[in-house]
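Student: from the sequence below, what's the structure:
(chains A and B)
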Amino acid sequence: MSRLAAFGRFWWDFVIGDDWLVAVLVALGIGATAALAAANLAAWWLLPLAVLVVLWISLRRAIRSA
Amino acid sequence: MSTGNAFLVISAFLASAVEMVEALTIVLAAGLARGWRSALAGLGAATVTLAVVVAVLGPALTVIPLQALRLVVGALLLVFGLQWLRKAILRASGYKALHDEDEIFAREIAEARDAARVERAGVDWYGFTLAFKGVLLEGLEVVFIVLTFGSTQGSIPLAAAGAAGALVLVAGVGVAVRAPLTRVPENLMKFAVGVMLTTFGIFWAAEGAGAHWPGSDASLLGVLGFVVLSSFVLVRLLRRERRSVLRTVEA
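Tutor: Alright, predicted model coming up:
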């Protein structure tokens, strides 16, 4: 493996970890929050709820793959 | 001290203490199995490398506009924090083995004693790289947390003070006992760090995305309460589910 690939792999493991779906769902949650805020609607409540759903999905995936 | 700043110091202290306990275990294993000269050289080299990372990234982060910084840092912290929280919930509910510093120490010592001795630049290379990698990897997490928390909250020195407090405490106790700090409630601390990282991640990512929190910084307490409560509910649900599965298997 080239050094560049190893470097990229290290940062992927460091930040994203073993469940990439968390990163994707978090990005979608933040995007939805930004869309609500841009439409001048209350947006603060969305991310906590999204995190709860993401956590539950990720836990189920971890348990299934164990 | 504001709610945000108090959380900042506590979070930096807890996260740093957890990582430093792990780094201490590795340095102790390297020192006892391969000699202190190589272990301390590895510790010193990793510390210098981490200092360079802080010196380069610290000032760079302070010139990024605050809202963009909060969006990016909040998102990163959220993804990073959810990794910690997921593992902590899996450990607390019995789906994952508890982190055991004694077991890790015994494994590191056994591997270090079996490795061949190669001298480079006057130090045992295995002992040097073991200590260097251990301190660098655990230290990078501390640097990441201190820089992201500090820059987003607008006070890197406060976050650094929390980390420095942890360093003094862990290093002091480590030098005094010269053994892995097994009495530290590491699993509970990891749970607390996961909760803190996720709380800050939610708060800053939402702010960075343009949301306004009712009560401003004070709503951090509300987010913290929500994350703690949700985590405990998830632990209870998973524990109950695991017990039920085990009963079915036994029957």
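Student: which residues touch residue 32?
Tutor: Went with chain A since none was named. Shown in contact with A:Ala32 (C-beta atoms under 8 Å, 6 or more residues apart in numbering or on different chains): A:46, A:50. Every residue, glycine included, has its C-beta placed from N, CA and C.
Student: try again with chain B
Tutor: Here B:Leu32 is in contact with B:Ile109 (C-beta under 8 Å, 6+ apart).
Student: same thing with the one 5 residues further on?
Tutor: Taking C-beta under 8 Å, 6+ apart, we find B:Arg37 in contact with B:123-124, B:127.
Student: of those, which is the nearest to chain A?
Tutor: Nearest to chain A out of these is B:Gly127 (C-beta to the nearest C-beta; 22.5 Å).
Student: ok, of the contacts of B:Arg37, which come out buried?
Tutor: B:123-124, B:127 (16 or more other C-beta atoms under 10 Å in any protein chain shown).
Student: which of those residues fall within strands?
Tutor: B:123-124 (DSSP state E).
Student: which residues touch B:Asn5?
Tutor: Counted by C-beta under 8 Å, 6+ apart, B:Asn5 has contacts B:153, B:155, B:158.
Student: from those residues, which is closest to B:Ala131?
Tutor: Looking at those and their distance to B:Ala131, the nearest is B:Leu158, at 29.3 Å (C-beta to C-beta).
Student: now that closest one, what's its secondary structure?
Tutor: For B:Leu158, the assignment made with DSSP: H, G, I helix; E, B strand; the rest coil gives helix.
Student: from chain A, how far off is it?
Tutor: 24 Å (C-beta to the nearest C-beta, to the nearest Å).
Student: check whether that residue really touches B:Ala6, as I assumed.
Tutor: No: contact criterion C-beta atoms under 8 Å: B:Leu158 and B:Ala6 do not qualify, at 9.5 Å.
Student: which of these two has more neighbours?
Tutor: B:Leu158 (19 against 13; other C-beta atoms under 10 Å in any protein chain shown).
Student: what's the distance between that one and B:Tyr126?
Tutor: B:Leu158 sits 39 Å away from B:Tyr126, going by C-beta to C-beta, to the nearest Å.
Student: need phi/psi at B:Asp100.
Tutor: Per-residue torsions, B:Asp100: phi -120, psi 110 (degrees, to the nearest 10).
Student: now do it, the pLDDT please.
Tutor: Looking at B:Asp100, its pLDDT reads 73.
Student: could you do B:Val135 as well?
Tutor: 91.
Student: again, but for A:Leu49
Tutor: Looking at A:Leu49, the pLDDT reads 96.
Student: what strand or helix carries it?
Tutor: helix A:46-65 (DSSP states H and E).
Student: what is that helix packed up against?
Tutor: helix A:20-38, helix B:66-92, helix B:186-208, helix B:219-250 (3 or more C-beta pairs under 8 Å, 6 or more residues apart in numbering or on different chains; DSSP states H and E).
Student: buried stuff in that helix?
Tutor: Buried, per 16+ other C-beta under 10 Å, within helix A:46-65: A:46-48, A:50-52, A:54-55, A:58-59, A:62-63.
Student: what does stretch B:43-63 give?
Tutor: Those would be B:43, B:45-46, B:49-50, B:53-54, B:58, B:61, for stretch B:43-63 by 16+ other C-beta under 10 Å.
Student: out of the residues you listed, who's nearest B:Val79?
Tutor: B:Leu61 (17.9 Å).
Student: pull the contacting residues for the closest residue to that closest one other than its chain neighbours.
Tutor: Distance criterion C-beta to C-beta, 6 or more residues apart in numbering or on different chains; nearest residue to B:Leu61, sequence neighbours excluded, is B:Ser151 at 4.0 Å. For B:Ser151, the contact set (C-beta under 8 Å, 6+ apart) comprises B:58, B:61-62, B:64, B:69, B:73.
Student: could you redo the last one with a cut-off of 10 Å?
Tutor: Contacts for B:Ser151 (C-beta atoms under 10 Å, 6 or more residues apart in numbering or on different chains) come out as B:57-64, B:66, B:69-70, B:73, B:159.
Student: closest to B:Gly31 out of the contacts of B:Arg37?
Tutor: Using C-beta to C-beta, the contacts of B:Arg37 come closest to B:Gly31 at B:Gly127, 7.4 Å.
Student: that closest one contacts B:Ile109, correct?
Tutor: No: between B:Gly127 and B:Ile109 there is no contact, the gap being 11.7 Å when judged by C-beta atoms under 10 Å.
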